[in-house]
Structure formats: structure tokens, C-alpha cells
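**Student:** Turn this into a model:
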Amino acid sequence: MARFDLTGKVALVAGASRGIGEAVAHGLAEHGATVVCSSRKQGDCEKVAEAIREKGGKAISAELHLGELGDHDKVVAMIAKEYGRLDILVNNGATNPYYGPAHEAPVGAYDKTMDVNVKGPYYLSAKSIPLMIKSGGGAIVNVASVDGIQPGLGRVIYGMTKAAIINMTKGMAKEYGDHGIRVNALLPGFTDTKIAAALKADPKMQEYMNENLAIKRMAQPEEMVGSILYMVSDEASYFTGQGMVVDGGAII
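**Tutor:** Numbering: from 1, shown residues only. This is a model prediction of the structure:
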């Protein structure tokens with residue numbers, strides 16, 4: 001796996017306490033990166049970091065609530081002080097507090113979804129980019145969703161936020177390419193994570209998978225790791241502004 005070697009690189013993973021973020025943190029560390037595992041519950045992230053260290057990897061934990069911009073400043077400042085560089089940012093954290101008809105969505109649920117899913121990744125990227133430029137470049141991966149290109153029933157707000165992330169990815173890729181920063185997005189399909197719990201509990205989902213997926217099952221978080229490893233590695237040196245769909249064939 002030398003072609004995907006991340007030795008000497010520092011990676012910040014948001015939403016690393018579980019699901020895709022946890023799997024990605026392990027994957028990056030296994031390929032040599034020093035990983036800063038972050039989420040709003042540092043204790044949960046410390047368990048992930050400890051598990052990485054027990055396997056011989058390098059990882060620390062940090063408290064970072066995507067909706068709290070002050071947390072962004074603290075974490076980026078800590079990385080600058082401890083490591084003097086930032087090479088990889090994975091914007092993974094997201095929320096979906098409301099699942100149901102669009103006209104019944106509470107304003108509070110709308111605001112929370114926008115703050116965490118759009119405002120959070122935007123400002124974490126914006127605050128990380130100066131350190132990446134100082135480091136000589138880097139790679140950002142925004143975890144979006146196929147909902148951003150093919151909206152799902154009962155998930156209008158969530159889909160709106162992921163569409164925004166896809167466009168943000170393209171805009172930042174264009175704006176910072178001259179600085180050696182590549183920006184891409186991962187678009188997972190139906191994946192077995194906490195955020196998909198309401199969908200997983202819906203008895204109609206198996207019928208949906210049978211009718212619409214080429215691979216007729218949910219994805220596991222670990223199945224997203226390879227795509228992100230590619231996007232942050234030097235193997236993807238000419239790959240930017242793209243959305244990589246990993247959905248078991250759902251949108252075909």
C-alpha cells in the first residue's frame with residue numbers, strides 16, 4: 001500500500017466518534033497519518049484514539065461541535081501548535097433531527113440541520129485552509145450524501161444541506177487549487193450509521209433496497225474508507241471538485 005502512504009501527514013476527522021468517521025480515522029492511521037479524532041463528545045473520540053494507539057497508530061482526541069465556531073478555532077490552533085501543519089481534513093459530522101413531511105418540519109430542526117451540516121463544514125474548512133496553505137497544500141473530503149443529488153422522501157432539509165455541501169466542494173476546489181489544496185466529496189448511499197437509524201427502522205427499506213439497489217443491502221461504514229483514502233492520497237493528485245458516489249448502485 002506504499003502508493004497510499006500517509007506517513008508524516010496530519011489529519012483532522014470531524015465526527016470521528018462513530019460510524020463513517022470512526023472507520024475513516026482508523027483507515028488514515030493504518031496508512032501512517034497522525035489523526036486528530038474530533039466530535040462534540042471528546043470522551044467517545046478518546047476511545048477511538050486509544051484503539052488506534054493500541055494498534056500502533058498515532059491519534060489524539062479533541063472536542064469539536066460542528067455547530068460551535070469557537071470549537072473550530074480551538075482545534076485548529078491546537079493542531080498548529082502541536083504539529084505545525086494540517087494535511088487532511090475530513091468533514092464527516094452531520095445531523096438529521098427531523099424525518100417526515102417537509103411542511104411539518106419545526107424551525108428548530110431546520111436551523112440545527114443547517115448549522116451542523118452546512119455552516120459547520122464550511123467554517124471548519126475555512127479555518128483549516130490557512131494552515132493547509134502554510135503546510136504546502138492538502139486534501140479536504142466533505143462527506144455529503146446521494147440525497148444531495150437525488151432527494152429522499154421525508155428528508156428534504158437533509159437533502160438541501162447535502163446539495164449545499166456538494167456545491168461548496170466544487171467552489172472551494174476551484175478557489176484553492178492554486179494553493180495545492182484539493183477538495184472532494186464522498187456521497188454515501190444507505191449506510192448503517194446512527195443518522196440512518198430512522199430509515200433502517202422503516203420496514204419498507206428492505207423492499208426499497210430490493211427494488212432499487214444493485215447491491216441489495218446497507219453499506220457498512222468501513223466500505224467508505226477506501227474511497228476517502230484515495231481522495232486524500234497523492235494517488236488523487238489530479239482529482240478535485242468531484243463527488244464520488246458510493247451507494248450500491250442506488251442512483252442508477
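**Student:** which residues touch Val36?
**Tutor:** For Val36, the contacting residues are 10-13, 59-62, 75, 79, taking C-beta atoms under 8 Å, 6 or more residues apart in numbering as the criterion. C-betas here are computed from N, CA, C, even on glycine.
**Student:** tell me which residues in stretch 42-61 are buried?
**Tutor:** Neighbour-count burial for stretch 42-61, with 16 or more other C-beta atoms under 10 Å as criterion, is recorded at 42, 45-49, 51-52, 57-61.
**Student:** between those, which is nearest Ile157?
**Tutor:** For Ile157, the nearest member of these is Cys45. The distance, counting by C-beta to C-beta, is 26.6 Å.
**Student:** Check the secondary structure at the closest one for me.
**Tutor:** Assigned by DSSP: H, G, I helix; E, B strand; the rest coil, the conformation of Cys45 is helix.
**Student:** Kindly provide the distance from it to Arg3.
**Tutor:** Counting by C-beta to C-beta, to the nearest Å, the gap between Cys45 and Arg3 amounts to 29 Å.
**Student:** Also Val183?
**Tutor:** With distances taken as C-beta to C-beta, Val183 is found 21 Å from Arg3.
**Student:** so the spatially closest residue to Met172 that is not a sequence neighbour bridges to which residues?
**Tutor:** Leaving aside its chain neighbours, Met172 sits nearest to Val183 (4.4 Å; criterion: C-beta to C-beta, 6 or more residues apart in numbering). With DSSP bridges as the criterion, Val183 is bridged to Ile140.
**Student:** Contact partners for the closest residue to Lys58 other than its chain neighbours?
**Tutor:** When the adjacent residues along the chain are set aside, Lys58 lies closest to Thr34, with 4.2 Å between them (C-beta to C-beta, 6+ apart). Contact analysis of Thr34 by C-beta under 8 Å, 6+ apart lists 9-11, 58-59, 83.
**Student:** Which one of these is nearest to Asn92?
**Tutor:** Asn92 has its nearest neighbour among the contacts of Thr34 in Ala11, at 11.4 Å by C-beta to C-beta.
**Student:** Next, the contact list for Gly100, please.
**Tutor:** By C-beta under 8 Å, 6+ apart, Gly100 lies in contact with Gly154.
**Student:** low-confidence ranges in the chain?
**Tutor:** Low-confidence segments of the chain, defined by pLDDT under 70, are located at 1, 194-201.
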